[in-house]
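Enquirer: Sequence below, structure please.
(chains A and B)
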Number of protein chains: 2
Amino acid sequence: MNVLSETKAFGGRQLVVSHASRACSCDMTFGLYLPPGEGPFPVLWYLSGLTCTHENAMVKAGAQAFAAREGVALVFPDTSPRGPGVADDAAYDLGQGAGFYVDATQAPWTPHFNMWTYIAEELPGVLAAFPLDMTRQAITGHSMGGHGALTLAARLTGRFRSVSAFAPISNPTGSDWGRKQFAAYLGPDETSWAAHDASLLIAGGALNLPLLVDQGMADKFLNLLKTDALQDALAASGTPGTIRRQEGYDHSYFFVSTFIEDHVAFHARALKA
Amino acid sequence: MNVLSETKAFGGRQLVVSHASRACSCDMTFGLYLPPGEGPFPVLWYLSGLTCTHENAMVKAGAQAFAAREGVALVFPDTSPRGPGVADDAAYDLGQGAGFYVDATQAPWTPHFNMWTYIAEELPGVLAAFPLDMTRQAITGHSMGGHGALTLAARLTGRFRSVSAFAPISNPTGSDWGRKQFAAYLGPDETSWAAHDASLLIAGGALNLPLLVDQGMADKFLNLLKTDALQDALAASGTPGTIRRQEGYDHSYFFVSTFIEDHVAFHARALKA
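Expert: Predicted coordinates:
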């Protein structure tokens, strides 16, 4: 493990860390914000969207100000394996920068594209080197990262105390943001896809956590994100949860940063309850 | 004038605008944040540092949240003329991205590098198209942009109600961040340089405005920024002003974003007095 940088921010420390990942068979980089104090700190994961690295949300979402106030640590993982030996695709929405938080079973993706195992199993172990209280975890994410947050929260029962998302890909098995990638990474048998579809998981009653979703109504990707499918899944299963449709907001970090204070406060309530 | 994008943020509107600049003889781009409401809004200028465009502070400094709360508009100009026909230099600190807020008198810079006139005269006229109250202006900046903010505030008497800076280049005539660029843009006669040195201007009693400066004490450019010269100039001239030395903070946007709330509130008090 190699601390690439440490920067004081809001009284705490913004770290960037690289490590050799077994799950992804390459070096992986993540951001870790530690608030002021000694810890151990509860942890809020922030999973990013298509084309992002560990850095985008770390420098643009503005979460640290509120994490510092609440005494919560933030983890910003990368969105895929990377590097010259790692498979890639010319499209922005497949390959490097587009891991979709699944473990690939198909060539050429299998050796490296294991982001589910990386986030669910490997990175929590790496984080043991820092003053974190891993009995108190919450998770959020944006777009593809919202998909990751919802599916991880639904399937890793007991791991997270709360889940939220900004403009999540909510029903990837019914969207061109999902069908293309699941076919590539998981193969043509769609029965393997359902475990990575938040709406299907929630419709089946898998989520039993405080849930907050914000969705901009001027988001040009609304047809790909399928917020309505998520809302229907909550209704069908009687799962509590709040979906806020925000008039005029788009898919950008300006949308995320506008509402990040609410999300950090939402998670802090669950983490400190 | 061409509005390149408009994005809802914190209830207001983040615009990116391009226009044909007479001062710079090229197209120039700036960011403009309009808070919620009808206006006209008081204006806080944010001048950026070396290598930055109009975009860096707009997406990383986090000022919009507080500008929205205070009802203040934000202007984010670019830091130099740009484009294929514009002179440049291989160094990061000369040419495109490094206009230093002066009007060049030397070849090859003269036709385009007129950032003083652009900020002081031309851009205020362009802003007349928006709901701004130009009788209420304040100015801040980071690094090279802090130099610009201080020198513009000192020389444009009556234009600004308050001035602040993050890690400003405070004494460029005594620094390698200044001597190199002034020699290139203004020529070898150093008498022409003094009008662009905040410490010399302030030592001569030129500044009569509320002043706030934050300087990180882990800033690796401390020797180039010359905070002590600024402090001495304030003392020598009896000019009031607050310089805060912030232990542990570096030169990055994490430093800026940590203290931007204080700066926006500082300017809002002057703008709304």
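
Enquirer: Around chain B, which positions in chain A sit nearby?
Expert: A:7-11, A:14, A:59-60, A:62, A:64-65, A:216, A:218, A:248-250, A:252-255, A:257-258, A:261 (C-beta under 8 Å from any C-beta of the partner chain). C-beta coordinates here come from the backbone N, C-alpha and C atoms, glycine included.

Enquirer: ok, A:Asp219 - contacts?
Expert: A:Ala167, A:Leu225, A:Tyr249, A:Asp250, A:His251, A:Phe255 (C-beta atoms under 8 Å, 6 or more residues apart in numbering or on different chains).

Enquirer: check contacts around the fourth one.
Expert: Same thing as A:Asp250. By C-beta under 8 Å, 6+ apart, the neighbours of A:Asp250 are A:Gly216, A:Ala218, A:Asp219, A:Lys220, B:Thr7, B:Lys8.

Enquirer: Look at the third one and tell me its secondary structure.
Expert: Spelled out, that is A:Asp219. Three-state assignment for A:Asp219 (DSSP: H, G, I helix; E, B strand; the rest coil): coil.

Enquirer: before we move on, the earlier item: which one of the contacts of A:Asp250 sits closest to B:Gly174?
Expert: Nearest to B:Gly174, judged by C-beta to C-beta, of these is B:Thr7 at 41.2 Å.

Enquirer: what's next to the helix or strand hosting that closest one, contact-wise?
Expert: In the assignment (DSSP states H and E), B:Thr7 maps to strand B:2-9. Strand B:2-9 has contacts (C-beta under 8 Å, 6+ apart) with A:216, A:218, A:248-250, A:252, A:254-255, A:257-258, B:13-19, B:29, B:33, B:64, B:68.

Enquirer: Generate a ChimeraX selection restricted to the buried subset of the residues you listed.
Expert: Of the contacts of strand B:2-9, the buried ones go into a single ChimeraX selection, burial set by 16 or more other C-beta atoms under 10 Å in any protein chain shown:
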select /A:216,249,250,252,254,255,257,258 /B:13,14,15,16,17,19,29,33,64,68
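
Enquirer: and the most centrally placed residue in chain A, how far is that from chain B?
Expert: Compute the mean C-alpha point of chain A, and by C-alpha atoms, centre = their mean the closest residue is A:Leu47, 2.4 Å away. A:Leu47 is 20 Å from chain B, where distance means C-beta to the nearest C-beta, to the nearest Å.

Enquirer: That residue and A:Tyr101 touch, don't they?
Expert: Yes: here A:Leu47 reaches A:Tyr101: they are 6.8 Å apart, a contact under C-beta atoms under 8 Å.

Enquirer: was I right about A:Ser164 contacting A:Thr140?
Expert: Yes: counting by C-beta under 8 Å, A:Ser164 touches A:Thr140, with 4.4 Å between them.

Enquirer: Tell me who's in contact with the residue of the stretch 101-250 of chain A found nearest chain B.
Expert: Nearest to chain B, among the residues of the stretch 101-250 of chain A, is A:Gly248, at 4.2 Å (C-beta to the nearest C-beta). Contacts for A:Gly248 (C-beta under 8 Å, 6+ apart) come out as A:Gly216, A:Met217, A:Ala218, B:Lys8.

Enquirer: Report the two of those residues separated the most.
Expert: A:Met217 and B:Lys8, at 9.8 Å, using C-beta to C-beta across the contacts of A:Gly248.

Enquirer: Find the residues that touch each one of these two.
Expert: A:Gly248, A:Tyr249.

Enquirer: Between those two, point out the one with more neighbours.
Expert: A count of neighbours by other C-beta atoms under 10 Å in any protein chain shown puts B:Lys8 above the other of A:Met217 and B:Lys8, at 21 against 13.

Enquirer: Which positions are bridged to that one in the beta structure?
Expert: Note on B:Lys8: beta-bridge partners B:Arg13, judged by DSSP bridges.

Enquirer: ranges for the strands of the stretch 151-273 of chain A?
Expert: A:163-166, A:211-216, A:242-246 (DSSP state E, counting those that start in this stretch).

Enquirer: out of the ones you listed, nearest to B:Pro172?
Expert: Of all the strands of the stretch 151-273 of chain A, strand A:163-166 sits nearest to B:Pro172, with 42.2 Å by C-beta to C-beta.

Enquirer: How about residues contacting the closest one?
Expert: Contacts for strand A:163-166 (C-beta under 8 Å, 6+ apart): A:138-143, A:145-147, A:149-150, A:153, A:207, A:209-215, A:255-256, A:259, A:263, A:266-267.

Enquirer: again with stretch A:88-108
Expert: With C-beta under 8 Å, 6+ apart as the criterion, stretch A:88-108 contacts A:47, A:50-53, A:79-82, A:86-87, A:109-110, A:112-117, A:119, A:144-145, A:147-148, A:151-152, A:172, A:177-178, A:180-182, A:184-187, A:192, A:196.

Enquirer: Kindly report the same for stretch A:225-232.
Expert: A:143, A:150, A:167-171, A:174-175, A:177, A:198-199, A:202-203, A:213, A:215, A:219, A:243, A:245.

Enquirer: What about the nearest residue to A:Gln14 once chain neighbours are set aside, how many residues nearby?
Expert: Excluding its sequence neighbours, the residue lying closest to A:Gln14 (C-beta to C-beta, 6 or more residues apart in numbering or on different chains) is A:Thr7, at 4.6 Å. Using other C-beta under 10 Å, A:Thr7 is surrounded by 22 other residues.
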